[in-house]
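Colleague: The following comprises the amino acid sequence and a computationally predicted model.
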Amino acid sequence: MNLRIATSCSGIGAPEEALKQLGLDYEIVFAGDIDKYAKQSYFANHNITEDRWHNDIRTVDATAYKDKVDLFVSGICCQAFSVCSTKRLGVDDPTRGDLYKSFIRIVNECQPKVFVFENVVGMMTLKVKGEGITCWEKIRSSLQKETGYDLHWQVMNSRHYGVPQNRPRLICVGFKEKTDFLFPAPIELKTFLGDYLEKGVPHKNFLRRLTPDECIRLMGFRDFKKVVADTQVVKQAGNSIVVDVLKALYLQIDISKYGVKY
Ligand SMILES: C[S@@+](CC[C@H](N)C(=O)[O-])C[C@H]1O[C@@H](n2cnc3c(N)ncnc32)[C@H](O)[C@@H]1O
């Protein structure tokens, strides 16, 4: 079975890396990111050609891929919803708050069998101005009404899926056909932060910053090729979905059964 995956706001491609680590047969139908350094890292680490790449999720037209995508994954830019952001305008953010509409449009255009929508949990508490509902309630309702997919959502924290990092994320899985999907049960954490740290990193006192390699490793990537400046690598790791969370999710979905036979 060959799984046809597409991503937008792709960053360094955690959804693709998870398929790779699971040893599944897959091909990238399209991917894209507005950040030129993300593109460099993506191209260095994944098998993709220029014609399958788009920069801005708002302008990509996925109609040409109708029924050619098995899995579509996107963690749309989260700054508008994050508790770390100073303005936190949510869906009212004029520059980034409405990227979810592009996500919905892409789903409707290419009709994937399964989609994964990922974001920060802040989206679940931040209220939409004047509407008395949270950003997630508004987005979920649009996803439901405008795509008609069977939706399942839950907070997944990487520390419950094998990586010693407290990183709760809202994960919503949509199925074109109705399912009785249940999220994967948490698994016992068997590693410690120390297992991910490099030995002999120079530092002046007890505390030190994580190195780029450590940041990447803590997001679950293996054999990641660094082709951009260290500051960019650290930023890219910070933006990524934890690969092990996606692996647990894919296994639970039994994602390979959605692939195609050639
Ligand atoms: C939270 S990160 C997602 C990272 C990705 N899931 C990964 O595995 O690395 C959001 C990404 O969206 C990108 N982005 C922001 N606005 C965008 C836009 N309008 N179109 C495409 N990408 C965008 C950012 O550059 C960033 O890489």
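Modeller: Great, that's in hand.
Colleague: The ligand contacts on the stretch 151-262 of the chain?
Modeller: Residues of the stretch 151-262 of the chain that fall close to the ligand, judged by Cβ under 6 Å from any ligand atom: 239-241. Any C-beta I mention is one placed from the backbone N, CA and C, and that applies to glycine too.
Colleague: Now those in CSV, please, with extra columns for secondary structure and neighbour count.
Modeller: Formatted as CSV, these follow (DSSP: H, G, I helix; E, B strand; the rest coil; neighbours: other Cβ atoms under 10 Å):
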residue, secondary structure, neighbour count
239, helix, 19
240, coil, 23
241, coil, 28
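Colleague: Turn these into a markdown table, columns for pLDDT and distance to residue 89.
Modeller: Compiled in a markdown table, those are given as follows (pLDDT from 0 to 100; distance: Cβ to Cβ, whole Å):
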| residue | pLDDT | distance to residue 89 |
| --- | --- | --- |
| 239 | 96 | 19 |
| 240 | 97 | 24 |
| 241 | 98 | 23 |
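Colleague: low pLDDT regions in the stretch 101-250 of the chain?
Modeller: Scanning the stretch 101-250 of the chain for pLDDT under 70 picks out nothing.
Colleague: Walking through it, point out its strands one by one.
Modeller: 114-120, 150-157, 168-175 (DSSP state E, counting those that start in this stretch).
Colleague: which residues does residue 92 contact?
Modeller: Taking Cβ atoms under 8 Å, 6 or more residues apart in numbering as the criterion, residue 92 is in contact with 128-129.
Colleague: scratch that, residue 70 is what I was asking about
Modeller: 3-5, 112-114, 255, 258-260.
Colleague: Please export the C-alpha coordinates of the helix or strand residue 43 falls within as CSV.
Modeller: Applying DSSP states H and E as the criterion places residue 43 in helix 36-45. Taking Å, rounded to 0.1, in the frame of the first residue of the first chain, the C-alpha atoms of helix 36-45 are listed here in CSV:
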residue,chain,number,x,y,z
LYS,A,36,12.1,30.1,3.0
TYR,A,37,14.3,28.4,5.7
ALA,A,38,11.6,25.9,6.4
LYS,A,39,11.6,25.1,2.7
GLN,A,40,15.3,24.6,2.7
SER,A,41,15.1,22.2,5.6
TYR,A,42,12.1,20.4,4.1
PHE,A,43,13.8,19.8,0.8
ALA,A,44,17.0,18.5,2.5
ASN,A,45,15.0,16.0,4.5
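Colleague: rewinding a little: looking at the strands of the stretch 101-250 of the chain, which is nearest to residue 182?
Modeller: Residue 182 lies closest to strand 150-157 among the strands of the stretch 101-250 of the chain, at 7.9 Å (Cβ to Cβ).
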